[in-house]
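Visitor: need a structure here:
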Amino acid sequence: MLFQNSIYLLGIFLIGYLFLVVESIYYVEMTPYEDYQCTVSKGESGVGYAFVVGECFAIGDFTPTLNNYKITLGEGNNNATFHLYDNHDISCSNENPLNDVTYFANECYKVPDMGMYFQPYNYVLVTIKENPSSMPEYAYKYSQFTDPNCLGNPQWYYFYTNNTVFHFGDNSFSKFYCDQGEPLQLYCEDYPTNCTTGVELLTCGRNVFVWHEDVYRTVSC
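Guide: Sure thing, here's the model as predicted:
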C-alpha cells in the first residue's frame, strides 16, 4: 500500500511539473488610435500590429528589403526592445544587431512603418500581453506563421480597423472594411465615378516573397 501511494503521489508531482514547465507566450501589441495621446474613448482607428516575443521573424514586402527582428522584454515586462537584424540573419544570432528600439508598456507612440504597402499615419498604444486568448476581428488582418497550416500562434500580424482609408490624391483612395467575415477593399481611382470593390481574403499559403525562411501567411478579418 505504501508503494502504491508513493507511485500515486509521484504521478501527481509529474503532472504538476509538466504544467509548470509550459512556457507563456508574450505578444507586444500596438493598438491604433488617431490622436497622439491614444485616447481610448475615441475608439480604435488606423494600422496596428502584434509581435511575438523571443522568436526571430522576418517583416517586409520582398526579401531584398525585408528585415529580421527579435523582441526581448525588460525587467518586470514593462518594456519591449525590438532588435533589428540583416535579412540573411534568419536566426537573429548576430551579437550586434543593426538597431535597437525600445517601447514602454501603456505608452503612446507614432505607429512604426514596418515596410508594408500602405504608409501608416496614426498612433499606437503599446501593451505587453501574456497568452492572449483571442484576436479581435478587423477590416483586414495579415498574419504570418511558421506552421504550414497557419495554426497556433502567429509570429506577427498587422491590421486595419474598419473603414480605414488611405488617400492617394484628391479623389483617389482605398478603404478597408469587413462584411460577413470577408475583408474587402473599396478602391477609387476617381471617386465617385471610378470605384471597384475587391475581396482581400487569402487562405493559408507559403509567403513566396520571403526567400530565406519557410513562413506562411493568411489574410482575414
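
Visitor: alpha carbons only for contacts and neighbour counts from here, please
Guide: Noted.

Visitor: can you pull the contacts of residue 106?
Guide: When the contact criterion is Cα atoms under 8 Å, 6 or more residues apart in numbering, the partners of residue 106 are 125, 126, 127.

Visitor: can you check residue 94 too?
Guide: Listed by Cα under 8 Å, 6+ apart, the contact partners of residue 94 are residue 85.

Visitor: before we move on, the earlier item: quick one: the contacts of residue 106 as TSV, columns for secondary structure too.
Guide: As requested, these are arranged in TSV below (DSSP: H, G, I helix; E, B strand; the rest coil):
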residue	secondary structure
125	strand
126	strand
127	strand
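
Visitor: Return the closest of the residues you listed with respect to residue 186.
Guide: Distance ranking of the contacts of residue 106 against residue 186, using Cα to Cα, places residue 125 first at 27.3 Å.

Visitor: Tell me how many other residues crowd that closest one.
Guide: Using other Cα atoms under 10 Å, residue 125 has 25 neighbouring residues.

Visitor: What values do phi and psi take at the residue lying closest to it once chain neighbours are set aside?
Guide: Closest residue to residue 125 apart from its sequence neighbours, by Cα to Cα, 6 or more residues apart in numbering: residue 108 at 4.5 Å. Here is the backbone geometry of residue 108 (degrees, to the nearest 10): phi -100, psi 130.

Visitor: I'd assumed residue 35 was in contact with residue 108.
Guide: No: here residue 108 does not reach residue 35: they are 9.2 Å apart, not a contact under Cα atoms under 8 Å.

Visitor: Among those two, which residue is more densely surrounded?
Guide: Here residue 108 and residue 35 are compared on neighbour count by other Cα under 10 Å; more neighbours surround residue 108, at 22 against 16.

Visitor: Kindly present the contacts of residue 106 as CSV, with separate columns for distance to residue 176.
Guide: Shown next, in CSV, are the contacts of residue 106 (distance: Cα to Cα, whole Å):
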residue, distance to residue 176
125, 21
126, 23
127, 25
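
Visitor: measure the residue nearest to residue 125 to residue 26 for me?
Guide: Here residue 108 is placed at a distance of 19 Å from residue 26 (Cα to Cα, to the nearest Å).

Visitor: How about residue 122?
Guide: Taking Cα to Cα as the measure, residue 122 falls 24 Å from residue 26.

Visitor: Now do the host helix or strand of residue 83: which elements does it pack against?
Guide: Under the assignment given by DSSP states H and E, the secondary-structure element containing residue 83 is strand 79-85. Strand 79-85 is packed against strand 67-73, strand 99-104, with contacts defined by 3 or more Cα pairs under 8 Å, 6 or more residues apart in numbering; DSSP states H and E.
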